[in-house]
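Asker: Build me a structure from this.
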Amino acid sequence: MLNIFKYLNIIEQQNPNQIIEKGKQIQIDIKTGIILILIAIIIILISFIIELKLKSKSKK
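Answerer: Here you go, the predicted model:
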């Protein structure tokens, strides 16, 4: 019985750090995701503006 309690105690000691690390990883993933989305939006806007300029030039 004592061995089981020692094992459970070791698990309890290890888990909080793992949970914190996973939380940090998730935060980093969300940040990189937001950055990638912003970059994508900027690229779409730039391509849209270029397209509009080309259309206005071709009309003239």
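
Asker: just the helices in this protein please.
Answerer: 2-59 (DSSP state H).

Asker: Tell me where the model's unsure across it.
Answerer: 1-2, 4-5, 7-16, 19, 60 (pLDDT under 70).

Asker: and if we set it to 90?
Answerer: 1-31, 33, 55-60 (pLDDT under 90).

Asker: Quick one: neighbours of residue 58, just the number.
Answerer: 7 (other C-beta atoms under 10 Å). Every residue, glycine included, has its C-beta placed from N, CA and C.

Asker: Can you report how many residues neighbour residue 38?
Answerer: Using other C-beta under 10 Å, the number of residues around residue 38 comes to 10.

Asker: do residue 24 as well
Answerer: 10.

Asker: gap between stretch 36-53 and the chain center?
Answerer: Here the centre of stretch 36-53 is set off from its chain's centre by 21 Å, with C-alpha atoms, centre = their mean, to the nearest Å.
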